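Student: Have a look at this fold, sequence not included:
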């Protein structure tokens, strides 16, 4: 709600109301064994490439960095490790456009550009439909 509230406070929008929600999910390569319980360990593994959206350019990236801050509360040093290694593959100036027949997340994962991609659950569900091994 941060972005809409900022616009409202500046007099640049009307009232702010929640009309939809989305959650972050971890879309993982089939070569990894990931569970809810092991996710933070997997993300912190130096060999695991973590894909994300670009913070400040894409709200999903902002939410991912907020998740990294929450990880810091669970494990000291997690924020620096995760924010330092995260590959900003979506939402930036150099982000690749998706092909016409796949989502960008499916494309990036099937091209092996990341081992885990942190994205909205709706994107992860679509990618799983397009590439069932994810």
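Tutor: Sure thing, it's come through. Not measured: the values here are computed from a predicted model.

Student: Which of the helices or strands spans the closest residue to residue 75 other than its chain neighbours?
Tutor: Spatial nearest neighbour of residue 75, excluding adjacent residues (Cβ to Cβ, 6 or more residues apart in numbering): residue 40 at 6.5 Å. Backbone N, C-alpha and C define where each C-beta goes, glycine included. Assessed by DSSP states H and E, residue 40 sits inside helix 39-44.

Student: now the strands for the chain?
Tutor: 24-28, 50-53, 87-90, 116-120 (DSSP state E).

Student: would a markdown table of these with mean pLDDT and mean neighbour count be doable?
Tutor: Shown next, in a markdown table, are those (pLDDT from 0 to 100; neighbours: other Cβ atoms under 10 Å):
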| stretch | mean pLDDT | mean neighbour count |
| --- | --- | --- |
| strand 24-28 | 97 | 20 |
| strand 50-53 | 97 | 25 |
| strand 87-90 | 96 | 20 |
| strand 116-120 | 97 | 25 |
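
Student: right, and those strands - which one's nearest residue 130?
Tutor: strand 24-28 (11.0 Å; Cβ to Cβ).

Student: okay, now residue 29: neighbour count?
Tutor: The burial count assigned to residue 29 is 18, neighbours taken as other Cβ atoms under 10 Å.

Student: Tell me the spatial nearest neighbour of it, not counting adjacent residues.
Tutor: Residue 29 sits nearest to residue 115 (Cβ to Cβ, 6+ apart), 4.9 Å away.
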